[in-house]
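Chemist: Predicted coordinates and the sequence they were generated for:
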Amino acid sequence: MRALTWHGKHDVRVDTVDDPEIINPRDAIIKVTSTAICGSDLHLYDGVIPGMKSGDILGHEFMGEVVETGPKSSLTKGQRVVVPFTISCGACFFCEQHQYSACSNSNPVEKQDLAAPVYGHAMAGLFGYSHMTGGYSGGQAEYVRVPFSDIGPVVIPDGMDDEDVLFLSDILPTGWMAALNAEIQPDDTVAVWGCGPVGLFAVQSALHMGAARVIAIDHWPHRLELARGLGADVINFRETDVREALMEMSGGLGVDAVIDAVGMEAHGFAIDNMLDTVKQKVGIGADRASALRQALLAVRRGGRVSIPGVYGGLADKFPLGALMEKGLSLRTGQTHVQAYTAELLELIQQGKLDTTFLISHRLPLEDAPRGYQCFHDNQDEWTKVILKPGMKMAA
């Protein structure tokens, strides 16, 4: 089959690789009909996530048709399913608490020692996201093996288009959980750093949950316009002092809750971010955390901090004093996708949540390397890229 493979920093290729096979009784094989490039994939593309090997198949946002099942799969051939990016067994301590992204059993034993020294515990399995998360082949391919296929995959009702539901795989539940972690209250003013896909869905989710005001922060004009179209006020951080603007917009109190949807590769020319960028490039620092620092300083005393943005290693100049002295509540984590998909599917069916506004480009799988480069280099116009394994290359 054909699949997008990683070969180093800014080097991804569509190669011919072995077809996946059923390995365990709970496996299923999916023929991929739609898959997306995620902002988190750009961290792999930039080479800042450890544990990658040349030839690894990328992609964790995908859906398709079931073509083969193991004897203990709950799926049947011909069903259309969206697959959560988190691989979860459904039976361990964490899965029973609906903390699916903390699953104890989805990361193979031989891989668990890769993350434990850095994070204190092994990570759960994720599709297409390094050997620290199990080394699983991703879904930017014609076919993919789905472990534990009786837990998580969402069977899609007839009549719904791929693009209506594809983002149930990751970014819609991630934005939703980000808003949940911010504990939105009816009178809240909420600030969201980053108007990429997760940030925009966090904006949409916070407004749906009843926030009185949502303020979106970015520097790309089109992405800010998308946030404004959802009902948010906006701040361009290259034109405005963000903290001063947020204090003014919150009557001098500070915003009630903040959401960092930027993560480890923050943009900007602030001194701290420029130093982080240099350290990241020479290998002595892993994360550019200026958006998070800014969020911790901007939130009011007793406020809530939600971090859906991906962080992979260490960050210095962390305002630990602000976190403690202001009495802030902090919630983070990979998304417990399986906990939210049923509710979100119903909201999509009812027309209460839209996901298609984000899509800017549709490309054949064979054109994926160009999709990565353009999404990386022009995030204003390339807001979300959908890859179609069945689509032909343009003449």
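Modeler: Yep, that arrived.
Chemist: Please look at Gly128 and Ser137 and confirm they touch.
Modeler: Yes - the pair Gly128 / Ser137 is scored as a contact, 6.7 Å apart, by Cβ atoms under 8 Å. Heads up, the C-betas are built off the backbone N, CA and C, glycines and all.
Chemist: Looking at those two, which has the bigger crowd around it?
Modeler: Gly128 (29 against 21; other Cβ atoms under 10 Å).
Chemist: thinking again about what came up before, show me the common contact partners of Gly128 and Ser137, please.
Modeler: Residues touching both Gly128 and Ser137 (Cβ atoms under 8 Å, 6 or more residues apart in numbering) are 56-57.
Chemist: Quick check, pLDDT for Ala266.
Modeler: Note for Ala266: predicted pLDDT of 56.
Chemist: Equivalent analysis for the one 3 residues further on, please.
Modeler: For Phe269, the pLDDT comes out at 49.
Chemist: ok now do Leu365, which residues does it touch?
Modeler: 2, 4, 14, 35, 140-142, 387-389, 391.
Chemist: Next step: these restricted to strands.
Modeler: Under the assignment DSSP state E, the contacts of Leu365 contribute 2, 4, 14, 35, 387-388 to strands.
Chemist: So which of the residues you listed wins on neighbours?
Modeler: Using other Cβ under 10 Å as the neighbour test, the ones in strands among the contacts of Leu365 are led by Thr35, with 32 neighbours.
Chemist: any idea how far Ala102 is from that one?
Modeler: Thr35 sits 25 Å away from Ala102, taking Cβ to Cβ, to the nearest Å as the criterion.
Chemist: Equivalent analysis for Gln140, please.
Modeler: For Gln140, the distance to Ala102 - Cβ to Cβ - is 25 Å.
Chemist: same deal with Asp316?
Modeler: Taken as Cβ to Cβ, the span from Asp316 to Ala102 is 27 Å.
Chemist: For these two, indicate the residue with more neighbours.
Modeler: When neighbours are counted by other Cβ under 10 Å, Asp316 and Ala102 differ, and Ala102 comes out ahead with 20 against 12.
Chemist: surely that one meets Gly125?
Modeler: No - when contacts are counted by Cβ under 8 Å, Ala102 is not listed as touching Gly125 (11.0 Å).
Chemist: give me the low-pLDDT residue ranges for this structure?
Modeler: Counting by pLDDT under 70, the chain shows low-confidence ranges at 265-286, 395.
Chemist: And it, what are its domain boundaries?
Modeler: Structurally, the chain divides into domains by automatic domain parsing as follows: 2-170+336-388, 178-332.
Chemist: what sits against the most centrally placed residue in the chain?
Modeler: Against the mean C-alpha coordinate of the chain, by Cα atoms, centre = their mean, the closest residue is Ile171 at 4.9 Å. Neighbouring residues of Ile171 by Cβ under 8 Å, 6+ apart: 36, 38, 61, 197-198, 201.
Chemist: what's the closest of the residues you listed to Asp19?
Modeler: Nearest to Asp19 among the contacts of Ile171: Glu61, at 21.0 Å, using Cβ to Cβ.
Chemist: What count of nearby residues applies to that closest one?
Modeler: Neighbours around Glu61, by other Cβ under 10 Å: 31.
Chemist: tell me the contacts of it?
Modeler: Taking Cβ under 8 Å, 6+ apart as the criterion, Glu61 is in contact with 35-38, 85, 139, 166-167, 169-171.
Chemist: Tell me where the stretch 1-150 of the chain has strands.
Modeler: Listed in chain order, the strands found in the stretch 1-150 of the chain under DSSP state E, counting those that start in this stretch are 2-6, 12-16, 28-37, 56-57, 61-69, 80-83, 86-87, 125-126, 143-146.
Chemist: Quickly compare those and say which is most buried.
Modeler: Compared across the strands of the stretch 1-150 of the chain, strand 86-87 shows the largest average neighbour count, a mean of 26 (mean count of other Cβ atoms under 10 Å).
Chemist: Each with direction, which strands does it pair with?
Modeler: Its sheet considered, strand 86-87 pairs with strand 125-126 (antiparallel) by DSSP bridges.
Chemist: Tell me which residues are up against the strand it pairs with.
Modeler: Under Cβ under 8 Å, 6+ apart, the answer for strand 125-126 is 60, 85-88, 103, 106-108, 133-134, 136, 147, 334.
Chemist: Excluding covalently adjacent residues, which one is nearest to Gly263?
Modeler: Gly309 (2.9 Å; Cβ to Cβ, 6 or more residues apart in numbering).
Chemist: Next, give phi and psi for that neighbour.
Modeler: phi -60, psi 140 (degrees, to the nearest 10).
Chemist: OK, contacts around it?
Modeler: 193-194, 198, 260-264, 291-292.
Chemist: Return the two entries of those that lie farthest from one another.
Modeler: Farthest-apart pair in those is Val198 and Leu292; separation 14.2 Å (Cβ to Cβ).
Chemist: Name the residue in the two with the higher neighbour count.
Modeler: It is Val198, of Val198 and Leu292, that has more neighbours when counted by other Cβ under 10 Å, with 31 against 24.
Chemist: where's that one, which helix or strand?
Modeler: helix 197-208 (DSSP states H and E).
Chemist: Equivalent analysis for Gly152, please.
Modeler: Using DSSP H and E, no helix or strand contains Gly152.
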